[in-house]
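Visitor: quick check, what structure comes out for this input:
(2 chains)
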Amino acid sequence: MSNLILKDHIVADDWTLVQLPKVEQEVRMQAGKVVMFKLTGENTTSVEQIVNTVIPSTGKVIVPLSVYLARKSELTSRLANKELGIWLATHEVLEHLTAIEADLNVLPLIGVHVERFADGRIFSIGNLLRTRYGYKNTLRAFGDVLRDQLFFLKRSGFDSYLIRADRSAEEALQSLKDFTQPYQGAVDNTQPVWRRVNRSA
Amino acid sequence: MYKYDEIDQQIVNERVAQYRDQVRRYLAKELSEDEFRPLRLQNGLYIQRHAPMLRIAVPYGMLSSKQLRKLGDISKRYDRGYGHFSTRQNLQLNWPKLEDTPDILAELATVEMHAIQTSGNCIRNITTDQFAGIAPDEVIDPRAMAEVMRQWSTFHPEFALLPRKFKIAVSGTKHDRAIVQAHDIGMEFYLDDNDKVAIKVWVGGGLGRTPILGSVIREHLEWQHALTYCEAIIRVYNLHGRRDNMYKARIKILVKALGIDEFRNQVEAEWLHLKDSPNTITEAELARVAKHFEAMPYETLPAYDLSFDAAIASNPAFAAWAKRSLHAHKTLGYRAVTLSLKPHGKAPGDATSEQMLVVADLADAYSFGELRVSHEQNLILADVKLSDIYAVWEKARANGLATPNIGLLTDIICCPGGDFCSLANAKSIPIAEAIQMQFDNLDYLHDIGDIELNISGCMNACGHHHVGHIGILGVDKDGSEWYQVTIGGKQGNDASIGAVIGPSFAAEEMPGVIQRLIDVYIQERTPEERFIDTVRRLGIAPFKAHVYADKNLSREVKNEAAHV
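Guide: Have a look, this model is predicted:
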């Protein structure tokens, strides 16, 4: 049974996730918009990894951002056929994508991988993709995705959630409805409560 | 104070249901320890040495008598008959059962209370001046904005899982009493040249392992933009703050690493996109919230009250208490009254269930049914008529709430320490009690005068030891408990971080060490000097010399290194 939620339904996953081949890990010493020092300590992707990434020749695929950036030319027909999505990890720099892709809506799907539940960067990334970069297609969270993130993910612009394999997507659906009338404006509803309803009564 | 409408009540009720289900899943082993941790922390539940600790939110320190009665009731039924008021103006229960916590939260919801975001890596309870709304030196009453910010930060989806905890303080007075410079974001409200409410914004302050005072990121921000500007700051932090090392994860580390100018550039660039977005506060919304903080229905009274003056003249014990415990009020004939939670020899900030009920009664009888919690861990009746003060004193004294030590050496700010907290390196409460007994002479205490002594059981600095005139930090050395002493810290507009005087001490040495610091002050002070003034004038050298006079000075100084 599929563990993928799209909007508020469980659906079959017709996308194939393409992973980078595992290598011995090198610690990236820099992060952040202005690269000054080791801020986050995430791993980088090596040239070998990018070259050695195997992309299935048919069907819908979600490729890593770094692979897309380096190998875009070989993926143009897939892109034109709407068979190509990309995914990025929470420490990757969104602007690397927006710099080469003026309109992100050529991509039918963007995935964001969250390695640990506690990594809240995913919320800012979702927000930026929707509000800053005008992305309108499917935005999927995957990785350590558990039901207690869903309400926040939804409010941050995600509309698809691949629940971690050992947990029930059915139960997770409940959490999309945790709160009826949240206080602040966010991506899903930009109006804060005081603009949404008349509270002066 | 703020009263919930249906929307506020619904959010709190839905939170109880959500949390109840999280606990159910944890007990059913559907959630692992690691998965449950961030969930319970966001609801103020710690797993401590003896039992869970539940931290209940007291937004910006305001409580109604009804709420305090409920807290008294809960602490009696679900705990051991007392609670601990913390330096973030919250209330902590030290002995609840995990299984009971959903019920406790359900009971709190009936009096418009909760434990939302009292812990965890999210925006915490917003704190402010305990004299907000009544202080004569107040320019802007910050409470309406604090409430607007409380609502905005509650379950803010983008900032639910930050790199580390995030603390905001607001203040609207000339003399800062909210230590805005020691917060992740500090907001100082003032009237600008056009008589409009504006905000001076500080960022990157904090105590903890790396104490640092905040930097000014913006001198002038129109109040309407308070939320969107915070969103810009916290977004930059959320994306770029360190997540690989929890000791380097606070925003202060990012601000320091980038430099305030570069950090400001990034925030301002982000804010260009957020400015004027729907979270911009409207006049109507601020007015709606501000209505809840309108002035109390004060009587028109003369500046003096004969019965009060007579009691002061005839009763030295009352006079001694009044001298320390009364605070000026905007309205003629009224005073704010601090009830001391620092009786000598008891854990600072603790109140029994009975005391909570007594204070609730006092608030109903003499202070419009409201009270405040101060970050110095005392309770305040903010609006008492001069003619009622004697009656308040009598009842407070009969219930152990009238120790005349407010602002004196034994009004110690102290974290729960190693007796309760699993983070602590050392106990803090027994040190506080020993010092209180050493100085258990009221005339002497009054002679020593204004001084702040802060104790933290570890470098997380819940006792704010860095900004104490005397600060004590519990450290672990080869598995035993030692205490490092700093002097010259200060909160307020001229805040400073204390300097370490030398190698640390054993617990039993601590009362003597404090005695020697006080001896140097008594000997060296000029008539108008407080302890902190003498330290600032002389530096730490004479204090250090006297404290270590008969100690083996070749002793290792390795604990100093740990402090840097």
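Visitor: list, one by one, the residues from the stretch 1-150 of chain B near chain A.
Guide: B:5, B:7, B:10-11, B:14-15, B:18, B:22, B:35, B:38-39, B:121 (C-beta under 8 Å from any C-beta of the partner chain). (C-beta placed from N, C-alpha, C; glycine too.)
Visitor: what's the neighbour count on residue 157?
Guide: Went with chain A since none was named. Neighbourhood size, residue A:157 [other C-beta atoms under 10 Å in any protein chain shown]: 21.
Visitor: the intended chain is chain B.
Guide: Neighbours around residue B:157, by other C-beta under 10 Å: 23.
Visitor: how near is it to residue B:105?
Guide: When distance is defined by C-beta to C-beta, to the nearest Å, residue B:157 is 21 Å away from residue B:105.
Visitor: again, but for residue B:446
Guide: 43 Å.
Visitor: one more: residue A:50?
Guide: 50 Å.
Visitor: okay, those two: which has more neighbours?
Guide: Ranked by neighbour count (other C-beta under 10 Å), residue A:50 and residue B:105 place residue B:105 first, with 27 against 17.
Visitor: give me the nearest residue to the more buried one, chain neighbours excluded.
Guide: The shortest distance from residue B:105 to any non-neighbouring residue, by C-beta to C-beta, 6 or more residues apart in numbering or on different chains, is to residue B:16 (4.9 Å).
Visitor: in a helix, that's where that neighbour is, yeah?
Guide: Yes: remark: residue B:16 belongs to a helix, assigned using DSSP: H, G, I helix; E, B strand; the rest coil.
Visitor: show me what contacts it?
Guide: B:102, B:105-106, B:109 (C-beta atoms under 8 Å, 6 or more residues apart in numbering or on different chains).
Visitor: and those, which are buried?
Guide: B:102, B:105, B:109 (16 or more other C-beta atoms under 10 Å in any protein chain shown).
Visitor: so what's residue B:226 up against?
Guide: So residue B:226 contacts B:145, B:148-149, B:187, B:199, B:281 (C-beta under 8 Å, 6+ apart).
Visitor: with secondary structure, distance to residue B:433 and pLDDT added, can I get the buried ones among the contacts of residue B:16 in JSON lines?
Guide: Below are the buried ones among the contacts of residue B:16 laid out as JSON lines (DSSP: H, G, I helix; E, B strand; the rest coil; distance: C-beta to C-beta, whole Å; pLDDT from 0 to 100):
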{"residue": "B:102", "secondary structure": "helix", "distance to residue B:433": "35", "pLDDT": "96"}
{"residue": "B:105", "secondary structure": "helix", "distance to residue B:433": "32", "pLDDT": "97"}
{"residue": "B:109", "secondary structure": "helix", "distance to residue B:433": "36", "pLDDT": "98"}
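Visitor: and which of those is nearest residue B:541?
Guide: residue B:105 (52.4 Å; C-beta to C-beta).
Visitor: how many residues are close by residue A:7?
Guide: 10.
Visitor: any low-confidence regions in chain B?
Guide: B:48-50, B:551-564 (pLDDT under 70).
Visitor: pick out the residue of it closest to chain A.
Guide: Residue of chain B nearest chain A, by C-beta to the nearest C-beta: residue B:161 (2.9 Å).
Visitor: I'd say that residue and residue B:155 touch.
Guide: No: look at residue B:161 against residue B:155 with C-beta atoms under 8 Å: they stay out of range, at 11.8 Å.
Visitor: what touches both of the two?
Guide: Common neighbours of residue B:161 and residue B:155 (C-beta under 8 Å, 6+ apart) are residue A:152.
Visitor: what helix or strand is the residue of chain B closest to chain A located in?
Guide: Using DSSP states H and E, residue B:161 falls within no helix or strand.
Visitor: how many neighbours does the residue nearest to it when sequence neighbours are not counted have?
Guide: Nearest residue to residue B:161 in three dimensions, chain neighbours excluded: residue A:120, at 2.9 Å (C-beta to C-beta, 6+ apart). Look at residue A:120: counted by other C-beta under 10 Å, it has 27 neighbours.
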